[in-house]
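K.L.:
predicted model and sequence below, questions to follow.
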Amino acid sequence: MPGPDATDEQLLTTRDAASFERFYVRHVDAVLAYFSRRTRDPELSADLCAETFAAALTSRHRFRPGEAPATAWLFGIAAKKLADAQRRGYAEMRARRRLGMERIELSDADIARIDRLGESDEAHLMLARLAPDQRAAVKAHVVDERPYGEIAVELETSEAVVRKRVSRGLAAMRGRMGARR
């Protein structure tokens, strides 16, 4: 594990959870501020921030030191997440309202735990414990970052059903995480 003065690049290229957590702590406020200035929606900002760091965690093997600073790489991911959110934007919000679904509120502790789980077998075990339809939807949308519409076509169902499966699956995983604290 890199020392306390490690660069962002060293933290990203070291594959242990503690190094990524230090990278996260260094940049979470800047990423949140980036989204907050652009969306003016604290909940959406928090969601996009979590999605950004989840994507960074799962794709840090693609980071190449020397090509660009680690912060440029991170904010490139953030810009993609923002563009994706703007594309799907209000359609998702309307769908959630129509289905009577509440947005899942995650605390900072929840987000940090999810980040740590991203590298552990525990996350895979929690995903494996979901009902098959929820597991497929959560894996496709959260892990593989595929849009709801594409998943719905593949599963031969509606986007609303896929959204509900993802929501229920994440809620179940969050409940199990809370029980382990």
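P.N.:
Structure's in. What do you need? Note that the coordinates shown come from a computational prediction; the quantities given were computed from them, not determined experimentally.

K.L.:
how does this protein divide into domains?
P.N.:
Following automatic domain parsing, the chain resolves into domains at 1-90+110-119, 121-181.

K.L.:
how about these in a markdown table, adding mean pLDDT and mean neighbour count?
P.N.:
Placement of C-beta: from N, CA and C, glycine included. Shown next, in a markdown table, are those (pLDDT from 0 to 100; neighbours: other CB atoms under 10 Å):
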| stretch | mean pLDDT | mean neighbour count |
| --- | --- | --- |
| domain 1-90+110-119 | 82 | 16 |
| domain 121-181 | 80 | 16 |
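
K.L.:
what residues does stretch 68-84 touch?
P.N.:
Applying CB atoms under 8 Å, 6 or more residues apart in numbering, the set of residues contacting stretch 68-84 from outside is 7-9, 11-12, 23, 27, 30-31, 34-35, 38-39, 48-49, 51-52, 55-56, 59, 63, 147.

K.L.:
export only the CA atoms of that stretch, formatted as PDB.
P.N.:
Output of stretch 68-84 as PDB, limited to C-alpha atoms (Å, rounded to 0.1, in the frame of the first residue of the first chain):
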ATOM      1  CA  ALA A  68      -3.500  12.300 -18.300                       C
ATOM      2  CA  PRO A  69      -3.700  13.200 -14.600                       C
ATOM      3  CA  ALA A  70      -5.800  11.000 -12.500                       C
ATOM      4  CA  THR A  71      -8.200  13.800 -11.800                       C
ATOM      5  CA  ALA A  72      -8.700  14.400 -15.600                       C
ATOM      6  CA  TRP A  73      -9.500  10.700 -15.900                       C
ATOM      7  CA  LEU A  74     -12.000  10.900 -13.000                       C
ATOM      8  CA  PHE A  75     -13.700  14.000 -14.300                       C
ATOM      9  CA  GLY A  76     -13.900  12.400 -17.700                       C
ATOM     10  CA  ILE A  77     -16.000   9.600 -16.100                       C
ATOM     11  CA  ALA A  78     -18.000  12.300 -14.300                       C
ATOM     12  CA  ALA A  79     -18.700  14.100 -17.500                       C
ATOM     13  CA  LYS A  80     -19.900  10.900 -19.100                       C
ATOM     14  CA  LYS A  81     -22.200  10.100 -16.200                       C
ATOM     15  CA  LEU A  82     -23.600  13.700 -16.400                       C
ATOM     16  CA  ALA A  83     -24.300  13.400 -20.100                       C
ATOM     17  CA  ASP A  84     -26.000  10.000 -19.600                       C
END
